[in-house]
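**Q** got a predicted structure plus its sequence, pasted below:
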Amino acid sequence: MISIEQAINHAKQYVGTVQSSQLSQNKKTGECYYRIRGTEGTALIDARDGKLLRFYRKR
């Protein structure tokens with residue numbers, strides 16, 4: 001499990017300036033992930049290995 005600081009460092013290159021971050025859990029599969037919102041969009045980072053799961057660009 002990675003810390004929130006590590007997840008933010010992974011997500012910075014995608015989201016720009018970080019505005020908020022939280023730990024969430026997928027109800028269906030039970031996997032945990034960090035949701036990090038920033039000026040460029042939102043990144044979902046896997047809480048186990050720190051890999052990018054999904055990135056949503058702001059419109």
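**A** Okay, I see it. Since the structure is predicted, the reported quantities are computational estimates derived from the model, not experimental observations.

**Q** any buried residues in stretch 41-50, and which?
**A** 41-47, 50 (16 or more other C-beta atoms under 10 Å). In short, each C-beta sits where N, CA and C put it, glycine included.

**Q** what does stretch 11-27 give?
**A** 11, 14-15, 18, 21.

**Q** list the buried residues for stretch 48-59?
**A** So stretch 48-59, judged by 16+ other C-beta under 10 Å, has buried residues Gly50.

**Q** what residues does it touch?
**A** 1-2, 6-7, 10-11, 14-15, 31-33, 39-46 (C-beta atoms under 8 Å, 6 or more residues apart in numbering).

**Q** now do stretch 29-47
**A** Under C-beta under 8 Å, 6+ apart, the answer for stretch 29-47 is 1-2, 4, 7-8, 10-12, 14-26, 48, 51-58.

**Q** I'd like the average pLDDT over that stretch.
**A** Mean per-residue pLDDT for stretch 29-47: 96.

**Q** start to end distance for that stretch?
**A** 14 Å (C-alpha to C-alpha, to the nearest Å).

**Q** this structure: helices as residue ranges?
**A** 4-15 (DSSP state H).

**Q** thanks a lot, catch you later.
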